[in-house]
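Q: got a sequence here, can you model it:
(one chain, ligands or ions: 1)
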Amino acid sequence: MANFKTHIQVSAIGSGVLSTVLLGANIVNSIEAVLLWVVGALGGVLPDIDSDNSTTLNILFRIITLMSITAVLSQLGESVSTLEIWVVIALVYGVTNWVVRPIFESYTVHRGIFHSLLSSVFIGALSIVIAYEFTYLNAVMSWLVGFFIFIGYITHLVLDEVYSVDFSNARVKRSFGTACKLYEYKNIQASLLMLLLVFGMFFMVPNAQGVKNTLISKHTLVQIKDSFLPLALKS
Ligand SMILES: [Zn+2]
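A: Coordinates of the predicted model:
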């Protein structure tokens, strides 16, 4: 099994290559390219949220804790005292880390549903919806964010499988086939629920027509090809 460091290194290289191609072709600007590079790299560690005590889960719950504290503090009136603020922060911290997290951990199985191609589509679509609804990003950038997270996610699954092959002894470890599966065969209910959510999000993602015209057009491919080599090298 590949560790956190290997996963983030490989996905960072992959998303770096992809985002610089888009930057070179002037499809995104430098800030957008960096954003895509970062989300793509993060996508490469996301599947391990199903592993209790993994670095990914620790980071995820730190972000959730911080966001929850911010959300609750913003709801408090101006007359609130310092002591009350401290109590609220301690309470929110306690609930997210000692109540919500154990519940989440008890429901997730390592190399379960979050290590499947179905979940990569689910996380990709969810990212598009979150990017479009909760940030200032436009439809094309939201789709790109989802696409980069999707690619990072797939990279993780493939890498897990590659690591389950013991090359020196030319044999396959028991974990082979547990990462890059179509859906979670052992939990059909959860898989069906996820499939249903994917269909639901199909109606929530921003209009794909503009995305199709901008990203998957022939013009874009020509742009990518033309911007690859420096002017001096072109005859
Ligand atoms: Zn994994």
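Q: hey, let's count contacts and neighbours off CA atoms from now on
A: Noted.
Q: would you mark the buried spots in stretch 136-144?
A: Leu137, Ala139, Val140, Met141, Ser142, Trp143, Leu144 (16 or more other CA atoms under 10 Å).
Q: domain map for this protein?
A: Annotated domains of the chain cover 4-52+111-233, 55-107 [automatic domain parsing].
Q: so which of those domains is the most surrounded?
A: domain 4-52+111-233 (a mean of 18; mean count of other CA atoms under 10 Å).
Q: and that domain, average pLDDT?
A: Taken as a whole, domain 4-52+111-233 carries a mean pLDDT of 87.
Q: measure it end to end?
A: 40 Å (CA to CA, to the nearest Å).
Q: now stretch 100-117
A: 26 Å.
Q: just stretch 74-91 next, same as before
A: Start and end residues of stretch 74-91 are separated by 15 Å (CA to CA).
Q: model confidence over it, on average?
A: 90.
Q: what residues are up against the residue minimising distance to the centre of the chain?
A: Nearest to the geometric centre of the chain sits Gly43, at 3.4 Å (CA atoms, centre = their mean). The contact partners of Gly43, by CA atoms under 8 Å, 6 or more residues apart in numbering, come to Ser11, Phe148, Ile149, Phe150, Ile151, Gly152, Tyr153.
Q: how close does the fourth one sit to Ile123?
A: Using CA to CA, we find Phe150 at a distance of 7 Å from Ile123.
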